[in-house]
Structure formats: structure tokens, C-alpha cells
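*Asks:* Following is a predicted model, sequence given first.
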Amino acid sequence: MGLNKGPFIVSKSISVDDPYDTTDPDVILLPKDPPGSFEDVLTIDVCVKQPGKTKVRIDSMAQIAVNISTTEDVTPFQVTYEVLRNNQRIALINDQMQYDTSSDDVDRHNNFPNYPIIDNNPDPGINQYVLRCTDVLCVARIDVTVGSRSLVATVFESK
């Protein structure tokens, strides 16, 4: 634990001005090929010395930006947002929407999935927590990007 045996925090965050600007090196365009390809958008390592007495609270957020360039009446998209510990999923959000694109303009959708979870069973040693995003449907005229994002682990002793 920390020097005074209290909770300690490990965090990483990335901020971007425009989540649709794919020329920004911090904006991630989710892959379409092959379908189901994912992108690990943030990773942190947390050391656990006493796994039976330790819990890890994970707070995560990702700005999911969907840019739709089609004039079909309704266009579906689906993005999954996962938190993994040592390559095992411990949480999942499924963002699925039928988006009305009946106008002639390019349409955009922006979402900020986030939620806290408690990892009651961290492994001893280094635990790698990963924030992973997947463009599930991989529609040709829909670009899904990840803009600002953060991953925070608060490690504390349970009683």
C-alpha cells in the first residue's frame, strides 16, 4: 500500500480538443478490418502485495465519437467499451443506436461511457488494467473514434 498504509491512486488520462480530428495523434480511429478488431485505448499497471486484503476501484471514461457520412434513413452503429484486468474482461458497456441520418449533412454522435467498478479479486503482483473499445458493426460510412479518455485505479485495503 502507500507509505501510511492508506489508499493510493494510479491514473492515466489523455485529452483532445476535437475527437473527430483523426490527424491528432491522440485521437484513435477504431479499426474496421477485420470486423471485431479492437483497440486498447489506455493501460495502467497496479501493484498488489496482499491480494486477499486488497480491492481496486477502477474509474474509466472514454469519449466515443461517431461520424456518419450517409443519407440512408436510419443507420445503426454499435461500440463496446470494456475494462480488462490481465486480459480478462471485468466490465462491459454496449453502446448501440439506430441513428436517424435523413438529412443531407454529415451526422455526428458523441457519447461518454463511464462507470466505477470494484475489483474484489486482484492478482498478486502487477495487475494490468486496460480500457478497450471495439467498433462492432464496422459500417463502411461510419467512422468511430476515441477522443479524451481516462483510467484511474484507487487501491485500498479491505477489512
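*Replies:* Now that the structure is in, tell me what you want to look at. Residues are numbered from 1 along each chain as shown.
*Asks:* Out of the helices and strands in this protein, which is least certain?
*Replies:* None of the helices or strands of the chain scores lower by mean pLDDT, DSSP states H and E than strand 107-111, at a mean of 72.
*Asks:* Which elements pack onto the next helix or strand along the chain from that strand?
*Replies:* Next along the chain after strand 107-111, taking DSSP states H and E as the criterion, comes strand 114-119. Packed against strand 114-119 by the contact rule (3 or more CB pairs under 8 Å, 6 or more residues apart in numbering; DSSP states H and E) you find strand 54-68, strand 88-100. All C-beta atoms are positioned from the backbone trio N, CA, C, and that covers glycine.
*Asks:* and after strand 114-119, which helix or strand comes next?
*Replies:* From strand 114-119 onward toward the C-terminus, using DSSP H and E, the following helix or strand is strand 125-135.
*Asks:* contacting residues for Ile14?
*Replies:* The contact partners of Ile14, by CB atoms under 8 Å, 6 or more residues apart in numbering, come to Asp26, Leu42, Ser148, Arg149, Ser150.
*Asks:* burial count for the second one?
*Replies:* The reference is to Leu42. Counted with other CB atoms under 10 Å, the neighbours of Leu42 add up to 22.
*Asks:* Could you do the first one as well?
*Replies:* When counting by other CB under 10 Å, one arrives at 15 neighbours for Asp26.
*Asks:* want to try a markdown table for the contacts of Ile14, with secondary structure, pLDDT and distance to Asp119 as columns?
*Replies:* What follows is those, written out as a markdown table (DSSP: H, G, I helix; E, B strand; the rest coil; pLDDT from 0 to 100; distance: CB to CB, whole Å):
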| residue | secondary structure | pLDDT | distance to Asp119 |
| --- | --- | --- | --- |
| Asp26 | coil | 97 | 27 |
| Leu42 | strand | 97 | 16 |
| Ser148 | strand | 96 | 23 |
| Arg149 | strand | 96 | 19 |
| Ser150 | strand | 96 | 17 |
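*Asks:* Redo these as a markdown table? Include distance to Ile117.
*Replies:* A markdown table is the format used below for the contacts of Ile14 (distance: CB to CB, whole Å):
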| residue | distance to Ile117 |
| --- | --- |
| Asp26 | 25 |
| Leu42 | 15 |
| Ser148 | 20 |
| Arg149 | 16 |
| Ser150 | 14 |
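*Asks:* which one of those residues is nearest Pro122?
*Replies:* Taking CB to CB as the measure, Pro122 lies nearest Leu42 of the contacts of Ile14, at 18.0 Å.
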